[in-house]
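> When you get a sec, could you give me coordinates for this:
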Amino acid sequence: MSFSSLADALSVPGLLPVALLTLGVILVNGWTDAPNAIATAVASKALSFSAAAMLAAACNLLGALLSAVYFPAVTRTVLELAQFGDDRQTALWTLCAAMAAIVIWSTAAWLFGIPTSESHGLLAGLTGASLALDGGINNVGLWAWIRLLLSLPLSVGLGWLLAKIFSACPAQPWSAAFYRCAQRVSAAAMAFLHGAQDGQKFLSIFLLGLALATGQSSTAGPTPLWLTALCAGTMALGTALGGRKIIDTVGRDMVSLDLRRGLVADLAGAGALFLCTLLGLPVSTTHTKTAAILGAGCHPNWKVARSIVLAWLFTFPACGFLGFLCTKLLLFFL
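Numbers count the residues shown, from 1 in each chain. Model prediction:
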């Protein structure tokens, strides 16, 4: 899509709010979700917070760019999750309501330093918004949701299992310098895969919005490079802005991590994310990495872990309800 055709699309009522809210969600994702990728490196002192944030921003950018070009299966899965009817104007405002629901939930969680998943907030918000339209449950892509639900135990279970296997191995006589260097590499890999997963999810919302505004298919033609760069750059900016509260919660308050356990958690989480990205399963970086950290950590603080799990459990119903409610309110006033 050229910039001239983009300008024409933006003149359609509803698309500009969708675009701005989606950028807002991506920015929030960068400072609330991406910190999970670097939490272990900061907690084990392999990297300073500022250095880790900049590393994550760069790797998020690269991961989002490359995944959109070479393995965009996650984007296709997200596009199949929900339908918004034949009225394109109503569909655009419904998409706007879904994005607003995610911003509300994610910002509230960030204020308390709780690492919720914008990925799951996105999926739940889209579904809740589509349920508010005529057609109800028929608007939901059940096969896409089945794949999503299968991906949850796969990602969390694989992260936990790999971390347990690595943790059970006897400590290697490597120096602290080796573990520090290796963890920097593994933190970069985690941030790259976070960008590959979440960059695709939110890119799909832009594609859907543009499709509704122009009347074209959301899967027609290649994804514009400038649009991919916009999503990836916004996520990288959010990551660079920080996320210290969440890093402290996950990497310090929940478990005790040294350099070796930090490396184990990064390797386990990256392995799970890599597999799910290749399979086109839209999984949560937050859930995958936190499960790996719990598996690798020493003497977890179950009070903190319990609060995180409760936030996970509430994300789907909360964002689904907010998406439904925002859609009803927005369409009522319009």
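> Look at Leu95 and give its secondary structure.
helix (DSSP: H, G, I helix; E, B strand; the rest coil).
> Not counting its neighbours along the chain, what's nearest it?
Val18 (5.1 Å; CB to CB, 6 or more residues apart in numbering). Using the backbone N, CA and C atoms, a C-beta is placed for each residue, glycine as well.
> Now do the buried residues in the helix or strand where the one you found lies.
In this assignment (DSSP states H and E), Val18 forms part of helix 15-32. Neighbour-count burial for helix 15-32, counted by 16 or more other CB atoms under 10 Å, picks out 15-19, 21-32.
> Now do the contacts for the residue nearest to Leu95.
Leu92, Leu95, Cys96, Met99, Ile205, Gly209 (CB atoms under 8 Å, 6 or more residues apart in numbering).
> just Gly121 next, same as before
By CB under 8 Å, 6+ apart, the neighbours of Gly121 are Ala101, Ile102, Trp105, Ser106, Thr315, Cys319.
> I'd like the mean pLDDT over stretch 192-204, please.
Taken as a whole, stretch 192-204 carries a mean pLDDT of 82.
> Same question for stretch 211-230.
According to the model, stretch 211-230 has a mean pLDDT of 70.
> Need the distance between the two termini of it.
17 Å (CA to CA, to the nearest Å).
> on that earlier part again, could you single out the nearest of the contacts of Gly121 to Pro224?
Using CB to CB, Ile102 comes nearest to Pro224 of the contacts of Gly121, at 23.3 Å.
> Quick check: the residue nearest to Leu95 vs Gln83, distance?
16 Å (CB to CB, to the nearest Å).
> again, but for Ala187
39 Å.
> Compare the two (neighbour count), which wins?
Ala187 (28 against 16; other CB atoms under 10 Å).
> What distance do you get for the more buried one to Ala98?
32 Å.
> list the helices and strands whichever strand or helix holds Ala109 packs on?
In this assignment (DSSP H and E), Ala109 forms part of helix 88-111. Counting contacts by 3 or more CB pairs under 8 Å, 6 or more residues apart in numbering; DSSP states H and E, helix 88-111 is packed against helix 15-32, helix 118-131, helix 176-214, helix 302-333.
> out of those, nearest to Ala292?
Here helix 176-214 is closest among these (CB to CB), at 9.3 Å.
> among the helices and strands packed on helix 88-111, which is the most enclosed?
helix 118-131 (a mean of 28; mean count of other CB atoms under 10 Å).
> chain center to that one: distance?
12 Å (CA atoms, centre = their mean, to the nearest Å).
> Number the chain from 27, please
That works, and once the first residue is 27, the last one we named lands at helix 144-157.
> Now do that helix against helix 41-58, angle only.
With axes from the mean of the first three to the mean of the last three CA atoms, to 10 degrees defining the directions, helix 144-157 sits at 150 degrees from helix 41-58.
> What average pLDDT does helix 144-157 get?
The model assigns helix 144-157 a mean pLDDT of 86.
> and Thr133, how far is that from Gly50?
On the measure of CB to CB, Thr133 and Gly50 end up 9 Å apart.
> What of Ser70?
Taken as CB to CB, the span from Ser70 to Gly50 is 32 Å.
> Please apply the same query to Leu348.
15 Å.
> what do you get for Arg210?
31 Å.
> Give me the distance from stretch 283-292 to the chain's centre.
22 Å.
> same deal with stretch 112-120?
25 Å.
> Check which helix or strand the residue lying closest to Met216 once chain neighbours are set aside maps to.
Nearest non-adjacent residue to Met216, counting by CB to CB, 6+ apart: Ala63, 3.9 Å away. Assigned by DSSP H and E, Ala63 belongs to helix 61-69.
> Quick one: mean pLDDT for the helix or strand hosting Met80?
With secondary structure defined by DSSP H and E, Met80 is part of helix 75-96. Averaged across helix 75-96, pLDDT comes to 81.
> ok, Gln226 - contacts?
Ala90, Ser93, Ala94, Pro98, Val100, Thr101, Val104, Pro308.
> Closest to Ala83 out of the residues you listed?
Ala90 (11.1 Å).
> what's the neighbour count on the closest one?
For Ala90, using other CB under 10 Å, the count is 30.
> ok, the residue nearest to it when sequence neighbours are not counted - contacts?
When the adjacent residues along the chain are set aside, Ala90 lies closest to Gly225, with 2.5 Å between them (CB to CB, 6+ apart). Gly225 makes contacts with Asn86, Gly89, Ala90, Leu91, Ser93, Ala94, Thr254, Cys257, Ala258, Met261, as judged by CB under 8 Å, 6+ apart.
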